[in-house]
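> The sequence isn't on hand, but the structure is:
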C-alpha cells in the first residue's frame, strides 16, 4: 500500500465519492453475479474494445517518456500482453454475444463517452506530461482492480466465461503487479513535480474518473 502522502492516494482522495461510485457500480456487481443483461454487456464490450488502440498509444508514449530503463521494462511487458495473440477475450465474447462479425460491429456508432475517452488518451499521449499520461492510465487500471478484487470472492463461475473472465482479468497477482507498477511510477513522478505539474495530474486523473463513471452508465442507456 502506498503511503498516505503519495500522489496516487492524494488523487484518489480528491476523486471522493465519484471514485466510490465507480468502484461500486451496479455493473461490477451484476458482472460478478453473472446476472447482467446480455445487451448491456454487449454494448459495453463493443465500446470498451474501441479504447484498445488509444490505450496502446498512451502506454507506448508513457514507456517512451519513462525516466529510466528500469521504469520501461514492466510497461513493455504489459504492452506485449494486451496486444498479444493470446489476448482473445473480446473475440470470444463477441461470438458468444452474437456480434462476432467485425463488419457488423463497425456499423455500431461510437458512444459520446467513448469518443471523449479516446480523445483524452490520445491528447495526453501526444501533448501531456509523463505525470498526466500516468494519471490517466492509473485511473483505468486502479479503478478496475479496485472493483475486481472487491467482487472476486463472490463471482459466479457457473455462467459462461464472458462475465467471470472479465472479473479475472482485473484481479489477481498479475494485474496487481501492473497497478503497483503504474502507481509507483506516478508516485515517483509526484516527488519531482512542482505545484503546476501536480495540478495537471489532478485534472487528468479527475477527468478520467468522470469518464469511467459515464462509461458504466452508458452501458445501461
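Sure thing, it's come through. Keep in mind that what you see is a predicted model, and the values were worked out from it rather than measured.
> Mind pulling up the pLDDT for the residue most central in space within the chain?
Central residue of the chain (CA atoms, centre = their mean): residue 140, 2.5 Å from the mean position. We have a pLDDT of 97 for residue 140.
> and if you look at residue 156?
pLDDT, read off for residue 156, is 97.
> ok, it touching residue 36?
No: in this structure residue 156 lies outside contact range of residue 36 using CB atoms under 8 Å: 10.6 Å. Using the backbone N, CA and C atoms, a C-beta is placed for each residue, glycine as well.
> who's more crowded, the two?
More neighbours surround residue 36 than the other of residue 156 and residue 36, with 22 against 14 (other CB atoms under 10 Å).
> Specify the local secondary structure of the more buried one.
coil (DSSP: H, G, I helix; E, B strand; the rest coil).
> okay, now the residue nearest to it when sequence neighbours are not counted: neighbour count?
What sits nearest to residue 36 in space, not counting adjacent residues and going by CB to CB, 6 or more residues apart in numbering, is residue 30, at 3.8 Å. Residues lying near residue 30 (other CB under 10 Å) number 18.
> Three-state assignment for residue 30, please.
Classified using three-state DSSP, residue 30 is helix.
> Now do the contacts for it.
36, 37, 40 (CB atoms under 8 Å, 6 or more residues apart in numbering).
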